[in-house]
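> This is a predicted model, with the sequence first.
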Amino acid sequence: MANKRGLGRGIDALFSDEEDKKEAQVVEKVAPKKDDRNSVSTISLSSLKVNPYQPRKTFDEASLSELAESLKQSGVIQPLIVRAHGKNYQIVAGERRFRAAKLAKLTEVPVIVKDLSDSAMMELAIIENLQREDLNPIEEAQGINSYMKELALTQAQVAEKLGKSRAGVANTLRLLNLPTEVQQLMIDGKLSMGHARALLGLDSQPDMLLLAHRIVKEGLSVRQVEELVRKSANPEKKSSNQGSKSTNIYAEEVEHQLEDKFSTKVSLSKKKIEINFANEDELDRILTLLGVNLD
């Protein structure tokens, strides 16, 4: 998602930000519709509490500083979405603006108060964040995991709600099987998704951690890590799986990315890619994604 940068963003930065638009769209889907749902109030920053179901744990400091500078000049134009919680209010959507307002030393912000249950608030917060592109993979995995547990959903149900493939959701959740220290390396941007999926081919977490540190130290590519993982497998495992696509981590990575793109099952074998479709409508959708026009 390409966001405009620079202190010259002014009112446009506060009112037309793509992040704000996505928040509003998700709120309208989850929040109950009432006649006063767009009524704007002004409340003290000190009465606002962060969303306990917020999957995002890290916020870009440079982006927050830029927004804070704009807020000093123009104030907060786009209201935050909140819900009443005791004597205070919990932020449903708009935590980035809340943090920037604190940096700008503002004392109050405009809000729209919504009547939301705990489950609706969680669903809104998680979906709104997971539909963005700037969550790191571990935050995404943790958000999906919380979503499933708190609302008792299956992977298939979560995939449908998020517009992702079932395989894509399953493989994102697998990241939580990595050691905590390896997860932190991903959060810090030192390991890629490809590195992580390769590491998951190892049998033990200590081995994953050792290889992860080697990746960072030596700057190993995903292909190099895949080869090291294959060599570390025991002879029995290698012989039983020899020639099998399941041992080819590179092939699995390609399959996962194609399944995410087409939202259907994709199989990759030697010199052949198979894309499954259930009916003519689904075929038309896939052809459109491929840029094929039969008219």
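In hand now; what should we look at?
> where are the low-confidence patches of the stretch 101-250 of the chain?
Along the stretch 101-250 of the chain, the parts satisfying pLDDT under 70 run over 129-134, 233-250.
> Show me the helices in it, by range?
Per DSSP state H, counting those that start in this stretch, the stretch 101-250 of the chain carries helices over the ranges 118-130, 137-151, 155-162, 166-173, 180-187, 193-199, 205-218, 222-232, 235-241, 249-262.
> Next up, the contacts around residue 276.
Going by Cβ atoms under 8 Å, 6 or more residues apart in numbering, residue 276 touches 264-267. Heads up, the C-betas are built off the backbone N, CA and C, glycines and all.
> can the residues you listed go into TSV with extra columns for neighbour count and distance to residue 201?
What follows is the contacts of residue 276, written out as TSV (neighbours: other Cβ atoms under 10 Å; distance: Cβ to Cβ, whole Å):
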residue	neighbour count	distance to residue 201
264	18	25
265	16	21
266	20	20
267	14	19
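> between the helices of the stretch 101-250 of the chain, which gets nearest to residue 100?
Residue 100 lies closest to helix 118-130 among the helices of the stretch 101-250 of the chain, at 16.9 Å (Cβ to Cβ).
> same for the closest one, what does it pack against?
If contacts are counted by 3 or more Cβ pairs under 8 Å, 6 or more residues apart in numbering; DSSP states H and E, helix 118-130 sits against helix 18-30, strand 88-93, helix 137-151, helix 155-162.
> Return the most buried member of the helices of the stretch 101-250 of the chain.
helix 193-199 (a mean of 23; mean count of other Cβ atoms under 10 Å).
> from the middle of its chain, how far away would that one be?
Centroid separation for helix 193-199 versus its chain: 17 Å, with Cα atoms, centre = their mean, to the nearest Å.
> Report all helices and strands that that helix contacts.
helix 180-187, helix 205-218, helix 222-232, helix 249-262.
> Could you export that helix as CSV, CA atoms only?
Taking C-alpha atoms only, helix 193-199 is exported to CSV below (Å, rounded to 0.1, in the frame of the first residue of the first chain):
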residue,chain,number,x,y,z
MET,A,193,8.9,-15.7,5.1
GLY,A,194,10.8,-18.0,2.8
HIS,A,195,13.5,-18.4,5.4
ALA,A,196,10.9,-19.2,8.0
ARG,A,197,9.2,-21.8,5.9
ALA,A,198,12.5,-23.5,5.2
LEU,A,199,13.4,-23.5,8.9
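> re the thing from before, how about a markdown table for the helices of the stretch 101-250 of the chain, with distance to residue 278 added?
Formatted as a markdown table, the helices of the stretch 101-250 of the chain follow (distance: least, Cβ to Cβ, whole Å):
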| stretch | distance to residue 278 |
| --- | --- |
| helix 118-130 | 25 |
| helix 137-151 | 24 |
| helix 155-162 | 14 |
| helix 166-173 | 14 |
| helix 180-187 | 34 |
| helix 193-199 | 27 |
| helix 205-218 | 37 |
| helix 222-232 | 32 |
| helix 235-241 | 30 |
| helix 249-262 | 12 |
